[in-house]
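*Asks:* Structure for this input, please:
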Amino acid sequence: IVFGLYWIWSSALPALVILDRVQIWPETQLLPPPDDAAAYAALEVSPIGEAPAPTEPEAEDDGDAPAAEAGSGASPLPGPSGDSDLDGIVSALSNRVTLADLGLALLLIGVTILVSRNLPGLLEFLLLRRLPLNSAGRYATSTMLRYLIVMIGMGMAFGAIGIGWSQVQWLAAALTFGLAFGLQEIFANFVSGLIILFEQPIRLGDSVTIGAVSGRVSKIRIRATTITDWDRKELIIPNKAIVTGEVINWSLTDTTLRITVDVGVAYGSNTELARNLLLEIARKHPNVLDDPAPAAHFAAFGASTLDYKLKVFVPSPEYVWEVRHQLLTRIDEVYREHGIEIAFPQQDLHLRSIDAAALRELAPRAGDPPPPASD
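*Replies:* Next up is the predicted model:
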């Protein structure tokens, strides 16, 4: 498409040279043609950021002043003596910003945005997938490449309008004080984002718990990380909180996770049968791993139950709730078939004394004769 557009508009491109004559800095004016050295010699030249030097009023021509000799080398343009008119023109143009310079800078910014959005993805599709990198490593590489493209593109855009390091040194000094005071949190998040991308304590797609927030990592950016919780809400957490705080990564090196199911049976139940049934249920479940093998233990004598713990392992965190539900449902069915009661808390109430009037109220309901009146 680009080459096609160039072929169509190639005949009109020379007309864009006029944009290089439209000066927008230090003042707006139309510059003379580049081959007019005398006209450029009459222009005052001042570096970007400095006001033009004041001009002195011309002396009145009374006919007595001698005319300047041609070829004497005198020129109002800055530079060493003896410079040619062409050098003066180049010096003048180097300190001015034209509409062509601004257009080039905008074009570079547009190309930078386009390349930063598409090149990392294209590189991942063509190259990174062939390298021994996991998805998190590919994401970190493409993200750092995107930041590098943006930095290079912005540097070229500023250079196109004549803004170099010498013009932004004061800005760097101001940023130093800003980082020390108001921007320190933002800078800390920026550095923490780089640490996360390189060290990878969390990766894209990991199941994590950060403070009271649990969910899956959906985005890792230079300032903050996005966690999508189990209710599909997106929580934005500053990177500094991840690097300096306590983080539980459920799938950092091994996605295998253990589930513990508590079961309480009634007193008097067959304890060995209750345990064997738990193991049989766990071994037959399709999403329960054989290695590590399931385990069932008679844990304690509870207040109202004989307490058992069934411990099984599942391949990844997304199986936890579904496997737990299916195990509990199957345990209830199998225990009913074998006459094992799943107990619930019970309490015995013993009445040691009661008011006679209350007994008379209760007696007709129970069908018993009222007790004799007390003396």
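*Asks:* from what I can see Thr305 touches Gln346, true?
*Replies:* No: here Thr305 does not reach Gln346: they are 9.4 Å apart, not a contact under CB atoms under 8 Å. (Each C-beta comes from the backbone N, C-alpha and C, glycine too.)
*Asks:* Among the two, which residue is more densely surrounded?
*Replies:* Taking neighbours as other CB atoms under 10 Å, Thr305 and Gln346 compare with Thr305 leading, 21 against 10.
*Asks:* Now for that one: which residues touch it?
*Replies:* 264-267, 343-345 (CB atoms under 8 Å, 6 or more residues apart in numbering).
*Asks:* Select from those residues every entry located in strands.
*Replies:* 264-265 (DSSP state E).
*Asks:* What residues sit buried inside stretch 251-262?
*Replies:* By neighbour count with 16 or more other CB atoms under 10 Å, stretch 251-262 contains the buried residues 251, 257, 259, 261.
*Asks:* Name the residues that touch it?
*Replies:* Around stretch 251-262, the neighbours that count as contacts under CB under 8 Å, 6+ apart are 201-203, 205-207, 250, 289, 292, 307-317, 319-320, 323-324, 327-328, 331.
*Asks:* Taking these, please make a PyMOL selection of just the buried ones.
*Replies:* In PyMOL, a selection of the buried entries from those looks like this (16+ other CB under 10 Å):
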select buried, resi 202+203+206+207+250+289+307+308+310+311+312+313+314+317+319+323+327+328+331
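*Asks:* Please flag which of the contacts of stretch 251-262 sit within helices.
*Replies:* When the contacts of stretch 251-262 are checked against helices (DSSP state H), the matches are 320, 323-324, 327-328, 331.
*Asks:* all helices for the protein, in order.
*Replies:* So, for the chain - with DSSP H - the helices run 2-9, 37-41, 85-94, 99-126, 135-160, 165-180, 184-199, 239-244, 271-284, 320-337, 356-366.
*Asks:* Setting aside sequence neighbours, what's the nearest residue to Asn239?
*Replies:* Ser192 (3.7 Å; CB to CB, 6 or more residues apart in numbering).
*Asks:* need the contact list for the one you found.
*Replies:* 238-240, 242-244.
*Asks:* From those, list just the buried residues.
*Replies:* Among the contacts of Ser192, the ones that count as buried by 16+ other CB under 10 Å are 238-240, 242-243.
*Asks:* can you name the two of those that are farthest apart?
*Replies:* Spanning the widest gap among the buried ones among the contacts of Ser192 are Pro238 and Val243, at 9.4 Å by CB to CB.
*Asks:* State the mean pLDDT of stretch 247-255.
*Replies:* The pLDDT scores in stretch 247-255 average 89.
*Asks:* What are the buried residues along stretch 228-239?
*Replies:* Using 16+ other CB under 10 Å as the test for burial, stretch 228-239 gives 237-239.
*Asks:* and what of stretch 150-165?
*Replies:* 153, 157-158, 160-163.
*Asks:* Just the C-alphas of stretch 22-33, formatted as PDB.
*Replies:* Below are the C-alpha coordinates for stretch 22-33, written out as PDB (Å, rounded to 0.1, in the frame of the first residue of the first chain):
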ATOM      1  CA  VAL A  22       7.300  28.100   6.100                       C
ATOM      2  CA  GLN A  23       9.100  29.000   9.300                       C
ATOM      3  CA  ILE A  24       7.200  28.600  12.600                       C
ATOM      4  CA  TRP A  25      10.000  29.200  15.100                       C
ATOM      5  CA  PRO A  26      11.400  31.600  16.300                       C
ATOM      6  CA  GLU A  27       8.700  33.600  14.400                       C
ATOM      7  CA  THR A  28       6.300  32.800  11.700                       C
ATOM      8  CA  GLN A  29       7.400  33.900   8.300                       C
ATOM      9  CA  LEU A  30       7.900  32.700   4.700                       C
ATOM     10  CA  LEU A  31      11.600  32.100   4.000                       C
ATOM     11  CA  PRO A  32      13.100  33.000   0.700                       C
ATOM     12  CA  PRO A  33      14.200  30.200  -1.800                       C
END
